[in-house]
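Q: Sequence first, predicted model second:
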Amino acid sequence: QVQLVESGGGLVQPGGSLKLVCAPSGNITTFYTMAWYRQAPGKQRELVAHITAGGSTSYAAFVRGRFTISRNDAENTGYLAMNNLKPEDTAVYYCNADFTFYSETGESQVAYGQWGQGTQVTVSS
């Protein structure tokens, strides 16, 4: 089973920037829709940004104008560029995506709503 792996999180000061990466652990043949979510301690997981297979994007109001979601279909990789970070952006960020892949038996399969393990983003001075 192919899994998604997030990276790029870390500790940054308010006003700083980070770029998160969502990459598959195995061979994905086609990446469809992809989204980034976040979950702060004691809060529910919330949608941050979404990108369709055609490249259309949408953002939560609290990140619009500061965050940019993008994708590299040649490498089946997704990104979340975060600028002007605020302390309230502190959370674990998760990638979620639909994609097709080849199983160990060589069959083409579809994974819907696959989650990564998350990457911690901490904004603090």
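A: Structure's in. What do you need? Numbers count the residues shown, from 1 in each chain.

Q: For stretch 28-42, buried residues please.
A: Across stretch 28-42, burial judged by 16 or more other CB atoms under 10 Å covers Ile28, Phe31, Tyr32, Thr33, Met34, Ala35, Trp36, Tyr37, Arg38. C-beta here means a position set from N, CA and C on the backbone, and glycine is covered the same way.

Q: can you pull up the bridge partners for the spatially most central residue of the chain?
A: Computing the C-alpha centroid of the chain and ranking residues by CA atoms, centre = their mean puts Cys95 first, at 3.3 Å. For Cys95, the beta-bridge partners under DSSP bridges are Trp36.

Q: what do you get for Cys22?
A: Glu6, Gly78.

Q: before we move on, the earlier item: minimum pLDDT in the buried residues of stretch 28-42, which residue is that?
A: By predicted confidence, the buried residues of stretch 28-42 are weakest at Ile28, whose pLDDT stands at 83.

Q: Next, the contact list for that one, please.
A: Val2, Asn76, Phe99, Thr100, Phe101 (CB atoms under 8 Å, 6 or more residues apart in numbering).

Q: what's around the fourth one, how many residues?
A: Counted with other CB atoms under 10 Å, the burial measure for Thr100 works out to 14 neighbours.

Q: starting at the chain centroid, how far to whichever strand or helix holds it?
A: Using DSSP states H and E, Thr100 falls within strand 91-102. Its chain's average C-alpha position is 7 Å from that of strand 91-102, according to CA atoms, centre = their mean, to the nearest Å.

Q: From the contact counts, what lies against the helix or strand following it?
A: On the C-terminal side of strand 91-102, the nearest following helix or strand under DSSP H and E is strand 108-115. Strand 108-115 sits against strand 91-102, with contacts defined as 3 or more CB pairs under 8 Å, 6 or more residues apart in numbering; DSSP states H and E.

Q: Please report how far Thr122 lies from Val12.
A: 7 Å (CB to CB, to the nearest Å).

Q: Please read the previous query as pertaining to Tyr37.
A: Distance from Tyr37 to Val12, by CB to CB: 19 Å.
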